[in-house]
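Colleague: dropping the sequence and predicted coords here.
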Amino acid sequence: MKVLVVGGGGREHAMAWALARSAQVSEVLVAPGNAGTAGEAKVRNVGIGAEDIPALAQLAREHEVAFTVVGPEAPLVAGIVDTFREAGLQCLGPTAAAAELEGSKAFAKGFMSRHGIPTAAYETFDDLEQARDYICQARAPLVVKADGLASGKGVEIAETLDHALLAAERMLSGEAFGEAGQRIVVEECLRGEELSFIAVVDGETVVSMASSQDHKPRDDGDRGPNTGGMGAYSPAPLMDEALHERVMREVLQPTVAGLAAEGRPYKGFLYAGLMIDEDGNPRVLEFNCRLGDPEAQPLLLRLCTDFAELCEAALEGRLQALDLAWEARPAVGVVMAAAGYPGAVERGRVIRGLAGPECEGVKVFHGGTALAADGAVVTNGGRVLCCCALGDSVTAAQRRAYERVAAIDWEGAFYRSDIAHHAIRREQQAGG
Ligand code: AMP
Ligand code: GLY
């Protein structure tokens, strides 16, 4: 069968690679893909943007694809699944109504309070005067969030009330994020350790993926501005069995049941960003209606279950009968980024060191790359590559990932040198 992947980043390269490994899959189309997907066996890029929903539906119909998997949130929030369904096409992901969980932070917060899902205390505002009154009486630090999608940049952690006021003004005036900031959420700042929890849902059954964790800050030691993620690893040792059980019971199950009860049944990948406090209590920071990027890269490197079978089971409501199998070895993925990221970056730099045989359990997933007219692979975005490796320990996986990183270069390339440091510290403590 043919399948279609929508998107063109590192997560979509990993999804296309995993689908192409399935014996059931004859061809994976990727729209628009990148230089990495262009180079995979059984994978073909099609020059259609991830948000051109009518053209994507036509592509799926023309090629009679068995199903489509959507990587990024924007087409999901815009209703790609609804359009595909109306056209009789199978498309894995939430409908626009269910994707509001990511598309509107105000909706997500209201939903969590209706269903008793633990999260930070909050208020929602679309009026600056009211926001100002509230902030002036609150205690810093505060977190100010644009309601709508803002490419992961719509969150300000304000250490002072002045900073919170400024963020609220910039968002509500439309200056910061346009339409997405016309409504804001002001919430309590939570402390603790962040953890990603990613599951796949078929409308009813929730199956957790292996645990994973990303590193959002740009610089070593988890410092510097927040990014989409500078690297990730799986499993995340903080996620023990007791916490897993609690997150399923207190967060994932009530979320999926609550959405169904509100007439928005959820199908697809569901990602809860959690803060785990000192006493081990989980609270939801955000929901994403998709796999994480870069979490998907080390996760899919560890997935032993046929990914096409997993997608079909989710689409057909058969997840209860599916047992996911994972590679026992941990995986670490290190993002190589372009100078300037997470701000504006220069594109078109030639990337050296990509060729050559890959070692077992080592894989370079492309994010922002493109093929130049002469066939060279060039940079085409902020997060350019994610070098992933399996290892017998997290320490070994990290070493192998950085060995691959060391062989690659372009002008302005940078990366963090401490991806997975939390997991390695825990591994060393456990090893005595
Ligand atoms: P979000 O898009 O809501 O996940 O926010 C992006 C990042 O901001 C999260 O990954 C956290 O690092 C941080 N963040 C969001 N909400 C809070 C909060 N209430 N307290 C502390 N940090 C937060
Ligand atoms: N790595 C975080 C995200 O995908 O939102």
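Modeller: Arrived safely, thanks for sending. Ligands and ions are numbered 1, 2, ... in the order given.
Colleague: state the three-state secondary structure for the residue of the chain found nearest ligand 1.
Modeller: Of all residues in the chain, the one sitting closest to ligand 1 is residue 286 (3.3 Å; CB to the nearest ligand atom). Placement of C-beta: from N, CA and C, glycine included. Residue 286 falls in the strand class when you classify it by DSSP: H, G, I helix; E, B strand; the rest coil.
Colleague: burial count for it?
Modeller: Using other CB atoms under 10 Å, residue 286 is surrounded by 17 other residues.
Colleague: for it, name its beta-bridge partners.
Modeller: Beta-bridge pairing for residue 286 (DSSP bridges): residue 273.
Colleague: what number of residues lie near residue 327?
Modeller: 14.
Colleague: give the contact list for it.
Modeller: Residue 327 is in contact with 301, 302, 303, 304, 390, counting by CB atoms under 8 Å, 6 or more residues apart in numbering.
Colleague: who's the third one bridged to?
Modeller: Same thing as residue 303. residue 326.
Colleague: and the spatially most central residue of the chain, what is it in contact with?
Modeller: For the chain, the residue nearest the mean C-alpha position is residue 292 (1.6 Å; CA atoms, centre = their mean). By CB under 8 Å, 6+ apart, the residues touching residue 292 are 11, 196, 198, 212, 214, 229, 232, 271.
Colleague: ok, the first one touching residue 299?
Modeller: No. Using CB atoms under 8 Å, residue 11 and residue 299 do not qualify as a contacting pair, with a distance of 9.5 Å.
Colleague: residues of the protein that sit close to ligand 2?
Modeller: 152, 214, 228, 229, 288, 292, 293, 295 (CB under 6 Å from any ligand atom).
Colleague: export those as a markdown table, with columns for secondary structure.
Modeller: Shown next, in a markdown table, are these (three-state DSSP):
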| residue | secondary structure |
| --- | --- |
| 152 | coil |
| 214 | strand |
| 228 | coil |
| 229 | coil |
| 288 | strand |
| 292 | coil |
| 293 | coil |
| 295 | coil |
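Colleague: tell me the one of those nearest residue 256?
Modeller: residue 288 (14.5 Å; CB to CB).
Colleague: pLDDT at that closest one, what is it?
Modeller: If you check residue 288, the pLDDT there is 97.
Colleague: what's the closest non-adjacent residue to it?
Modeller: Of all residues not flanking residue 288 in the chain, residue 271 sits nearest, at 3.9 Å (CB to CB, 6 or more residues apart in numbering).
Colleague: what are the phi and psi values at the residue nearest to the centre of the chain?
Modeller: For residue 292, the backbone dihedrals (degrees, to the nearest 10) come out as phi -80, psi 150.
Colleague: who's in contact with the residue nearest to residue 166 when sequence neighbours are not counted?
Modeller: Nearest residue to residue 166 in three dimensions, chain neighbours excluded: residue 158, at 8.0 Å (CB to CB, 6+ apart). Contacts for residue 158 were tallied using CB under 8 Å, 6+ apart; they are 140, 141, 142, 143, 144, 164, 166, 167.
Colleague: how about residue 138?
Modeller: 161, 164, 186.
Colleague: got a winner among those for most neighbours?
Modeller: So for those (other CB under 10 Å), the most neighbours sit at residue 164, 26 neighbours.
Colleague: helices or strands up against the helix or strand containing that residue?
Modeller: If you go by DSSP states H and E, residue 164 is part of helix 161-172. Under the contact criterion of 3 or more CB pairs under 8 Å, 6 or more residues apart in numbering; DSSP states H and E, helix 161-172 touches helix 128-137, strand 142-146, strand 155-158, strand 184-188.
Colleague: do it and ligand 1 meet?
Modeller: No. Under the criterion of CB under 6 Å from any ligand atom, ligand 1 is not reached by helix 161-172; the shortest gap measures 12.2 Å.
Colleague: report the buried residues of that helix.
Modeller: 161, 163, 164, 165, 167, 168, 170, 171, 172 (16 or more other CB atoms under 10 Å).
Colleague: please apply the same query to stretch 212-219.
Modeller: Result for stretch 212-219 [16+ other CB under 10 Å]: buried residues 212, 213, 214, 215, 216, 217, 218.
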